[in-house]
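> give me coordinates for this.
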Amino acid sequence: EVQLVESGGGLVQAGGSLRLSCAASGFTVDDYVIGWFRQAPGKEREAVSCVSNSAGATYYAGSVKGRFTISSDVAKNTVYLQMNNLKPEDTAVYYCAAALLSGCEADGMEHWGKGTPVTVSS
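A predicted model of the protein is given here:
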């Protein structure tokens, strides 16, 4: 059974950092496109960052480029999202998702975690 479990969310002041983790089971992260998406209240879910180890590719939304870094630990079968210089507009529920073949698009993802909330205070 494919499972994705996010952790690491919380409350942080603007300018602070958080590291989100996405622990995968039932498949190998090396073989999938793994993405982080977020949804703020009243807004649509949006792509934040994705990684494809098989393609050697990463994607970052323009709003997070230079502040967020996606990485994976194949031995732990876990994907991380390091978030630095957080801003109030980063406040959202962050979801981890996976697809065998997809661009960094929510519609293309096949498996989803339940999400972890991130709140950035000003």
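> residue contacts, the spatially most central residue of the chain?
When Cα atoms, centre = their mean is applied to the chain, the residue found nearest the centroid is Trp36 (2.2 Å). The contact partners of Trp36, taken as Cβ atoms under 8 Å, 6 or more residues apart in numbering, are 20, 22, 47-50, 70, 79, 81, 94-97. Bear in mind the C-beta positions are built from the backbone N, C-alpha and C, glycine included.
> again, only using 6 Å
By Cβ atoms under 6 Å, 6 or more residues apart in numbering, the contact list for Trp36 reads 48-49, 81, 94.
> how close does Cys50 get to Glu44?
Per Cβ to Cβ, to the nearest Å, Cys50 is found 17 Å from Glu44.
> and the two? which has more neighbours close in?
Between Cys50 and Glu44, counted using other Cβ atoms under 10 Å, the more crowded position is Cys50 (26 against 7).
> number of residues surrounding the closest residue to Leu18 other than its chain neighbours?
Closest residue to Leu18 apart from its sequence neighbours, by Cβ to Cβ, 6 or more residues apart in numbering: Met83 at 5.0 Å. When neighbours are defined as other Cβ under 10 Å, Met83 has 26 of them.
> my guess is Met83 meets Ile70, correct?
No: the pair Met83 / Ile70 is not scored as a contact, 10.1 Å apart, by Cβ atoms under 6 Å.
> so what's the backbone phi/psi at Glu89?
The phi/psi pair for Glu89 (degrees, to the nearest 10) reads phi -70, psi -10.
> just Thr91 next, same as before
Torsion angles, degrees, to the nearest 10, at Thr91: phi -60, psi 120.
> mind checking which of the contacts of Trp36 are buried?
Burial by neighbour count, judged by 16 or more other Cβ atoms under 10 Å, picks out 48-49, 81, 94 from these.
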